[in-house]
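> Turn this into a model:
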Amino acid sequence: MCAELKEARMSNDRETVIVDRGGGSGAAVIGGIAVVVLLLIVGYFVFFNGQPSGGGTVDIDVPAVSVDVVPDGQ
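Okay, the predicted model is just below:
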């Protein structure tokens, strides 16, 4: 490597200082807690129907399906 190029590179070295003041992380934590609480509330009403004992049921309507099967005579 050429001595002039090496010297030029050394003179251009700079120190980069990154300052993290933590701005915005508090909002992310509060938002995350709000999402978790919302999911817990929705899960409570979906699975327990508002009954704290857990004795509630989940009603699921399943449509009736009829399939006509005809033997092929084998």
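
> As a check, name the ranges of all helices in this structure.
Listed in chain order, the helices of the chain (DSSP state H) span 3-11, 25-48.

> Average pLDDT for the last one, rounded please.
Think helix 25-48. Regarding helix 25-48, the rounded mean pLDDT is 87.

> same thing with the first one?
The pLDDT scores in helix 3-11 average 55.

> Now the phi/psi pair for S66, please.
phi -120, psi 130 (degrees, to the nearest 10).

> Let's see the pLDDT reported for it.
On pLDDT, S66 comes in at 84.

> Give me the neighbour count for it.
4 (other Cβ atoms under 10 Å). C-betas here are computed from N, CA, C, even on glycine.

> And P63, by the same measure?
Neighbour count for P63, taken as other Cβ under 10 Å: 4.

> and if you look at D20?
Neighbour count of D20, defined by other Cβ under 10 Å: 6.

> Just the pLDDT for it.
pLDDT, the model's per-residue confidence, is 74 for D20.

> what residues are up against it?
For D20, no residue meets the contact criterion (Cβ atoms under 8 Å, 6 or more residues apart in numbering).

> before we move on, the earlier item: can you convert the helices of the chain into a markdown table and add a column each for distance to G73 and mean neighbour count?
Shown next, in a markdown table, are those (distance: least, Cβ to Cβ, whole Å; neighbours: other Cβ atoms under 10 Å):
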| stretch | distance to G73 | mean neighbour count |
| --- | --- | --- |
| helix 3-11 | 88 | 9 |
| helix 25-48 | 50 | 10 |
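
> Please produce CSV containing these, extended by distance to V65.
CSV is the format used below for the helices of the chain (distance: least, Cβ to Cβ, whole Å):
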stretch, distance to V65
helix 3-11, 75
helix 25-48, 25
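
> so which of these gets nearest I60?
Of all those, helix 25-48 sits nearest to I60, with 11.3 Å by Cβ to Cβ.

> Thanks a lot, see you next time.
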